[in-house]
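Participant: Using only what follows, build the 3D model:
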Amino acid sequence: MRFGPAGYPSAGKTPEGSLKYTKELGLNALEVEFVRGARISEERALAVGKCAKDLDIRLSCHAPYFISFNSDTPETREKSINWVMDTVHAAHNLGAYIIVIHAAAYGKSPETALPSVIDGLTKCRNIMDDEGIKDVILGVETMGKKGQFGTLKEISQVMDSVDGVRPVLDVAHVHARGVGCLKTKDDMKALIDEYFPLCDKIAHFHISCIKYGEKGEISHLPLETKEPDLQLLADILDGSPQDCTFICESPLVEKDALVFKNMFPTYRA
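Facilitator: Have a look, this model is predicted:
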């Protein structure tokens, strides 16, 4: 099990400093946030990646928020392929094993969302194959708003058609989309039982708590709010043989990453 923040903690001042700070806290994962564009030179990415490897910190990357394979605008769909590939290249140079993608909104044509996502990610996969990039997983995130593409069932359908795709389980998003559906240990176990058969070698999680309404996600919250209660998740997963990465997206990224780690009896300080 690996735990870490979404983004470089500000206390580190530089990427390398943030990685060292993350390690000093007792964390060993970090998600590089390229949510506004993957702009990093190959030389810089290689240097940051070496620092992470030397510190034994597992890296992942988050692709830009503006990806939309189901956009009404063909230009945006085409640009979405470029945004994914920019992130793939950055991840490859960083040594990050997965990129996290918000694939699409349903928009005015929900019926086209699945085929559009399959088409877009197939084109990305083909480019990756042509370039010989085999070390980066295309991670499609479970989404928290009912108007967004990204249930585990939908992602599994993408996986049926596109190699190298895996789901990223944002537990709070599932809770919000289900309008508070993860109330009990049985609720949480059912979610994990659906997820683990899809995730292959490493299960990639986003963790936080969340404010929600009838349409799903409103905003992320600290873990102390217990929406959902992530102690349920820790109790289920403690001692599991499944390799897991937990990236904290609460407003208290590194603090709550530690809070969640300490929910596991195995890792409790």
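Participant: which of the residues in stretch 207-225 are buried?
Facilitator: Along stretch 207-225, the positions that meet the burial threshold by neighbour count (16 or more other Cβ atoms under 10 Å) are 207-210, 212, 216-217, 220-223. C-beta here means a position set from N, CA and C on the backbone, and glycine is covered the same way.
Participant: what is the mean pLDDT for the host helix or strand of residue 119?
Facilitator: In the assignment (DSSP states H and E), residue 119 maps to helix 113-131. Model confidence over helix 113-131, given as mean pLDDT, is 98.
Participant: Please name every helix or strand in contact with it.
Facilitator: For helix 113-131, the elements it packs on are helix 74-94, strand 137-141, helix 152-161, judged by 3 or more Cβ pairs under 8 Å, 6 or more residues apart in numbering; DSSP states H and E.
Participant: CA atoms only for that helix - export them in PDB, please.
Facilitator: Output for helix 113-131, consisting of C-alpha atoms alone and laid out as PDB, is shown next (Å, rounded to 0.1, in the frame of the first residue of the first chain):
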ATOM      1  CA  ALA A 113     -20.200   9.200 -24.900                       C
ATOM      2  CA  LEU A 114     -19.100   5.600 -24.700                       C
ATOM      3  CA  PRO A 115     -18.200   5.200 -28.400                       C
ATOM      4  CA  SER A 116     -16.500   8.700 -28.400                       C
ATOM      5  CA  VAL A 117     -14.400   7.800 -25.400                       C
ATOM      6  CA  ILE A 118     -13.500   4.400 -27.000                       C
ATOM      7  CA  ASP A 119     -12.600   6.200 -30.200                       C
ATOM      8  CA  GLY A 120     -10.400   8.800 -28.500                       C
ATOM      9  CA  LEU A 121      -8.500   6.400 -26.300                       C
ATOM     10  CA  THR A 122      -8.000   4.000 -29.200                       C
ATOM     11  CA  LYS A 123      -6.300   6.700 -31.100                       C
ATOM     12  CA  CYS A 124      -4.100   7.500 -28.100                       C
ATOM     13  CA  ARG A 125      -3.300   3.900 -27.600                       C
ATOM     14  CA  ASN A 126      -2.300   3.500 -31.300                       C
ATOM     15  CA  ILE A 127       0.000   6.500 -31.000                       C
ATOM     16  CA  MET A 128       1.600   5.000 -27.900                       C
ATOM     17  CA  ASP A 129       2.100   1.700 -29.700                       C
ATOM     18  CA  ASP A 130       3.700   3.500 -32.700                       C
ATOM     19  CA  GLU A 131       6.000   5.300 -30.300                       C
END
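Participant: about what we covered before: most tightly surrounded among the helices and strands packed on helix 113-131?
Facilitator: By mean neighbour count, with neighbours taken as mean count of other Cβ atoms under 10 Å, strand 137-141 ranks first of those at a mean of 24.
Participant: That strand: partners in the sheet, and parallel or antiparallel?
Facilitator: Each strand paired with strand 137-141, and its direction, by DSSP bridges: strand 98-101 (parallel), strand 165-170 (parallel).
Participant: Out of those, flag the one nearest residue 32.
Facilitator: strand 98-101 (9.4 Å; Cβ to Cβ).
Participant: What are the contacting residues of the closest one?
Facilitator: With Cβ atoms under 8 Å, 6 or more residues apart in numbering as the contact definition, strand 98-101 has outside contacts at 31, 60-63, 67, 84, 87-88, 91, 136-141, 166, 168, 202, 204, 206.
Participant: For the closest residue to residue 62 other than its chain neighbours, give the beta-bridge partners.
Facilitator: Closest residue to residue 62 apart from its sequence neighbours, by Cβ to Cβ, 6 or more residues apart in numbering: residue 100 at 4.6 Å. Judged by DSSP bridges, the bridge partners of residue 100 are residue 62, residue 139.
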